Structures are given as structure tokens and as C-alpha cells.
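A.B. asks: Sequence and predicted model, in that order:
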Amino acid sequence: MIPRYFYVPLLLLLLLLVALGISAQPAEPTSDATLVVTAAAETERLTAASPAKNNVVPGDPAWLGVGEMMDDAPLDFAAHLPLLYVIMGEGAVAIPRVIIEHDQECPPRLVLLPSEDGTKSIEGEIDIPEVTLRGVGDMELPFAFPIKICETRLETNKQKDAWSSGLLAFEGLQQDNIIRIPTDPQRVLLIADTGLRVKATNLGLGKCNGTKLYGIPQCVENFTQADLDQAGEGSFQGLDNWTLLDLMARAAETRPDLVAIMGDYVYRQSPCPANSTANADCAAINIPANFATNTSIPSGTIVNFVPGHWGDNWFGWWADFFFPALPLLKSAPIIAVRGNHENCARAGHGYLFLMDQAPYNGTDAGSYCLDYTAPYHVPFKNEQFLVMDDSFINPLNGGIDHFNFTNGTCPQAPTDESLIVPTSQNPYLDPKQDNATNADLAQFTTYMEKIRNFSLSHETNFYLSHRPVFAVACDGSEMTSLDWTIQQSLAANTLDRVVAMIGGHMHWLEALSFVNQSLPVQLVLGHGGTDRIPNYVNQDIFPYLQLQVGQETDNGSTLFQGRVEKGISDSRMFGFALMDRNTDTKNYDVTFLSLNRTTSIPKLVELEFQLTIKKGPRVTNSDTTRITHSDISSAGGRMPWGVGTTCTSFILVNSLVTFGAW
């Protein structure tokens, strides 16, 4: 085996190239899918070579049972436009966005409106920001976004107050409601992993290694009768088991001041076969979204499963997130964290266009994707949110989806009062992952330096990411901790002013607090709607768990150690959490709510388990000196990849990277 250190000179060379600007351009779309078979001769060959099923040619959506299943989101999304929502961005800039039809003009400007009752007014002068075109798309596959997004950026409190009072608005735009922009939010709604899980083994139901579309191999040729007759294989969640429409409606009724969504908005990577091994009723998502008759597809062309309500296009995003989330989008601004299902191979093109807080690179919607987006901070009066994009990480052996979830095998609480130390998921255990792991660590060590520096402005910080940092899971008969890469990227004082880590990724609810606040509280809200992972963790084990994670120190211990004080890990429900700041103590009371659908009108049920997150700083008398690259190796631990003090950010080429599937 070649030692991992052999790659260091190569990595340094790559870093030098990046510093010279060679890799500074946005990554091209990583899906090199050829969705459309363009040659007429190829169409004839496919048709002749492929036996029809019920007189339907393979590639026709009717082959999958369209029309036989329950309805999904309405195809006529235009009836819901204009669609207004607000994204919170870097420095607490509020970004009102409006989605309109692609051939409409953006509102020309923001205007000051008179107060309807004469009781509201603006004192003094106010700078009115401009309205800009974020992007406009068309029906061209595979990243079809036949919409236009216009936006403005509200930077000052006076601008935000004027907007929240209804005195500042898009000119000529009928606004049904006012999305109030908080400067001091009292209630924050937390949710993650909301999409409908639909992931076929192959597009085409055949066994192939074809070009990938939305991360799934396409089978567009060489069908056999056996291919046509087999049941569809993969992960399929029935629409009757997807509660997001009800959950979002009830969530909006809680009247949050701010919403934080920790990623994985779009799980629909493929069509859903009517005949699937999972017996899941989700084939209604296959309804073609007017692609088949659109002039962007040559006449007579066979399309391999024309996208309906699935994939990294507007129709997938509309059905999997925007339509069910309409009530919540209208209720409060959103901090939109990126999940691993929004990496470039899956739904990253749509994320950057629709959800990312940064300005869009150009105006051609869906035209590009970036593997990494930089961390940013959203400061408010009493607390600050630190936002991390960890969508692009290479976990050991593909990550949590390859864990062994078996009922009855998880550890029991010890009878002798001994402690259980969860194992780590060190990707260096697989030498084939060394290059990717080195790159991950370099990237996220740099990002954690930024997180640490952001945190210095506030005593109370909440870290928002998709992947949990101090969570636990049961893998067969062992307890294990996640996420190794982020744990190793932390310096000793990175999280001194962070009181809680909030994420998703694991498809269940989990909450852990630690004795004497030795670690930040860990919240996992991965039960927001997607198919849940059966979680068999014994609930009486938590007081016996001792986390020992992070870089190894000179004395052989680890940087971060903490005994769990109380915890819950439960996959039996769909739900979210509310975090309310207590007006007296200034601490944060967290309430967990699940959806009860046994009643005629689904309603929320409050869990008995609750916890309080104490205001910061979590570590008193901590060093408040800003960290620079040269300081990192002396910040309390050794670089886990054995490379002195070098810490430089770069983008790794996609061919070196594999992705965890959950």
C-alpha cells in the first residue's frame, strides 16, 4: 500500500495551481447525462430491439403506471406564481425573492407604500435597494428551470423594518402576505430531510452502468424481456407515507420568527416504478411535466423516463419542496442549509439557483454547480447562526446508509456502571479513500477557521449544518459517533462560543446534551418527511455514553470528550423542533413536535422529552484571538493527516469523490 503521505506533494502542487487561479472557475455540471437520444436511427433501433409492454414503448412514462396512482403536486405551478420567499444570508442580509414565469419582467424596483391605516411611517430617509435578475431558465433538460427569479437585498434594519411593516414592497407585485424579517428572533423552527425518497437502482429498470442522470445510471439501450418484466429495485417511499404537506401547514401555524432547514430538500432522484420491490405507491411523480411536447426535444425522440415531479429541475423542486412548503415559506425567512442531496451529482444545480444565499453566477438558471460554498454567519441581536455547507464529504464506506440496522443487536445499558465509548468512522481505514480524505480535511479545517472567527462577535452561537457533528448511531452491535471529518477539522477552541450543533442527515430525531456543557448540545432533525431509517438505539444507554472524538493530542487523548447527560434517539415519527428564547433566563427551550395523522385533521403532538440550551459562551475565559492558517496546528491538536501546519482551501476534481447516499 502506498503511504498516504506519498500524496502530500501532489496535493501541494494542486494547491499551487489553485492559488494561480487555474481552478477558480465554477465547476461544470457534474451530471454529464445525455437524457435525450437524439438520433432518429437510434430511436428506430431502440424501438425495434425493445419489446413493448402493453403496447407502450420503453421510455414512455405510461410504462411506469402514470395515472394509476394518487395525485402528487399540481402540474400547473404557474397558478401559484408569483411566489415570494425570503432567504437570510451572510451578515443577516435579508433576500426577498420572487419566482415568476420565465417570460415575465422582473418588478422594476422596490417602492415605498402608504400605510393603509395611517399608523405606520418611516422616520428619516431610507436607501431603497435595487431589484436584480437572479436567473431565468427554460425547458432544456436535464436542468430545466422554466421560471425567472428576481431578488433584492435588505441590509439595514431600517430596510428590514420597512419591509416587515408592509411599507416597502416590489412594485406592481400582488403580495398576499408580509414575511416579517426579524432582527431579534424569539422563536426558531428547526427541520431537515424533508423530501420524498425515490432512488431507483437504474433508470430503465435494467442492469447497466450507463451515464448518470441526477446521480442514477441510465439504461437507455439493450433492453431485454427480463429487464422489462423485473420489479423496480431501489429505495422508494410511498406518497401515503410522506407527510410533508400536513407537516409544513402545521409548522406554519406555530408562527416562527425564523426557519432553519438543514438540507436535503429533494430526494426524488428517479421515477418510481408501479411494480417495485418496496411496494411503495409513488408512481404519480412520473407524470411528465410537459417535456414530451416541448420543442426543446426533437420530434419523435425517445426520452428515457421523461422527468415529471422528480430530479434536479424545477418540477422536481416544485413537488418535493416548494409546493408542500408554501405555508412555511409565507410565514418566515429561511436559513437554507445545503444537504448531501444537494451536491452537484444530485440536486445542486437547483440549490444554487433557488436556495443559496450568495449571488448567482450569471443568469442562466441551472447552468452550473459548485462542490463547495463557503461558510457564512447570520447575526442577530442575542445570538448568531453559523452555517456550514458539508454536502461534499467522503465518509467511510459510503456513510450511514451502509450501517447495519438490526433490531435487538444494539448495546444495552451496562450493569456495572461502566461507560461506552462510541467508535469513530475514520475513512483512513479504507486506503482507497486517502486522497479524498486528505482533501476533505484540508477544506474543512480552513472552513472551521472561518467558523471560529465568525463566532467571536457573539457569546451565543448555533452551528447549522447537514451532517451532525456529535451524534451517535447504532451500527450492528456497536455504538458509533458522527461526523469524523468535521470532528477532525476542529481546533481545541473552535466551538468555545457555540452552544449547539444542529443538523439532519440521520433520518430520525436525536438530541443529546452533555455533562457540564463539555460539548455543545447536538440536535438531529432528520425526521422532517423523508423515509425514516429504523433506529434501534436503546434509550436507557445515553447516560453511559462517553464521546471521545477529534484530533489526537500529544498525551494520547482526544480534543473533545463529553459524557451524555440526557438524550433521545427515535425514528418512529415525523416532526420538527421549536427553539424559544426564554425572556427571563435568556436560555433556549427546545420543544419537539411530531405529526399525529390518526385524526381527521392531522395535528401536532408535543413530546415529553425536552431540553434547554444554555446561553453562551459555553466555555468562559476562552481565547478570543482570531485564528489564521499558521495558527491552526498549535491550536490544541495535531493535524490528523500528518502534514505539519499547511492548511489551504481547494476544490477537488469530481472524479476522485464518492458520495454517501442518505
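C.D. replies: Right, received. Where do you want to start? Numbering: from 1, shown residues only.

A.B. asks: quick one: least confident helix or strand in this protein?
C.D. replies: None of the helices or strands of the chain scores lower by mean pLDDT, DSSP states H and E than helix 40-49, at a mean of 27.

A.B. asks: Any chance you could list what contacts the next helix or strand after it?
C.D. replies: Proceeding N to C from helix 40-49, the next assigned helix or strand is strand 83-88, under DSSP states H and E. The contact list for strand 83-88 (C-beta atoms under 8 Å, 6 or more residues apart in numbering) reads 94-99, 170, 173, 175, 179, 181, 258, 322, 326, 329-330, 332-336, 355, 357, 378. Where you see a C-beta, it was placed from the backbone N, CA and C, and this is true even at glycine.

A.B. asks: Drop the exposed ones from the residues you listed and show what's left.
C.D. replies: Among the contacts of strand 83-88, those scoring as buried are 94-99, 170, 173, 179, 181, 258, 322, 326, 329-330, 332-336, 355, 357, 378 (criterion: 16 or more other C-beta atoms under 10 Å).

A.B. asks: CA-only coordinates of whichever helix or strand V98 is part of, as PDB, when you get a sec.
C.D. replies: Under the criterion of DSSP H and E, V98 resides in strand 94-101. Only the C-alpha atoms of strand 94-101 are listed here, as PDB (Å, rounded to 0.1, in the frame of the first residue of the first chain):
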ATOM      1  CA  ALA A  94     -32.400  39.500   4.100                       C
ATOM      2  CA  ILE A  95     -33.000  38.400   0.400                       C
ATOM      3  CA  PRO A  96     -36.600  38.600  -0.700                       C
ATOM      4  CA  ARG A  97     -37.000  36.500  -3.900                       C
ATOM      5  CA  VAL A  98     -39.900  36.300  -6.200                       C
ATOM      6  CA  ILE A  99     -40.400  33.400  -8.700                       C
ATOM      7  CA  ILE A 100     -42.400  34.400 -11.800                       C
ATOM      8  CA  GLU A 101     -43.000  32.900 -15.200                       C
END
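
A.B. asks: Next, the angle strand 83-88 makes with that strand.
C.D. replies: Relative orientation of strand 94-101 versus strand 83-88 (axes from the mean of the first three to the mean of the last three C-alpha atoms, to 10 degrees): 150 degrees.

A.B. asks: Can you list the helices and strands that strand 94-101 packs against?
C.D. replies: Contacts defined by 3 or more C-beta pairs under 8 Å, 6 or more residues apart in numbering; DSSP states H and E place strand 94-101 against strand 83-88, strand 147-151, helix 157-164.

A.B. asks: The shortest one: partners in the sheet, and parallel or antiparallel?
C.D. replies: Which is strand 147-151. strand 94-101 (antiparallel), strand 132-136 (antiparallel) (DSSP bridges).

A.B. asks: can you pull the buried residues of the helix or strand that the first one is followed by?
C.D. replies: The reference is to strand 94-101. Past strand 94-101, further along toward the C-terminus, the next helix or strand under DSSP H and E is strand 110-112. The neighbour-count check on strand 110-112 (16+ other C-beta under 10 Å) flags L110 as buried.

A.B. asks: Next: stretch 360-379.
C.D. replies: 360, 364-373, 375-379.

A.B. asks: residues in contact with the strand ranked longest in the chain?
C.D. replies: As assigned by DSSP state E, the longest strand anywhere in the chain is strand 558-570. Contact with strand 558-570 is made by 419, 470, 472-473, 487, 490-492, 508-515, 518-519, 527, 535, 537, 539, 542-553, 592, 607, 609, 611, 636-637, as judged by C-beta under 8 Å, 6+ apart.

A.B. asks: Assign W317 to helix, strand or coil.
C.D. replies: Of the three states, W317 takes helix under DSSP: H, G, I helix; E, B strand; the rest coil.

A.B. asks: Would you agree it is in contact with R346?
C.D. replies: No - between W317 and R346 there is no contact, the gap being 11.7 Å when judged by C-beta atoms under 8 Å.

A.B. asks: what touches both of the two?
C.D. replies: Between them, W317 and R346 share these contacting residues under C-beta under 8 Å, 6+ apart: V266.

A.B. asks: Counting neighbours, go ahead and name the busier of these two.
C.D. replies: Each of W317 and R346 had its neighbours counted (other C-beta atoms under 10 Å), and the higher figure belongs to R346 (30 against 27).

A.B. asks: Can you tell me how far the closest residue to the more buried one other than its chain neighbours is from T530?
C.D. replies: Distance criterion C-beta to C-beta, 6 or more residues apart in numbering; nearest residue to R346, sequence neighbours excluded, is G215 at 4.8 Å. Separation of G215 from T530 (C-beta to C-beta, to the nearest Å): 16 Å.
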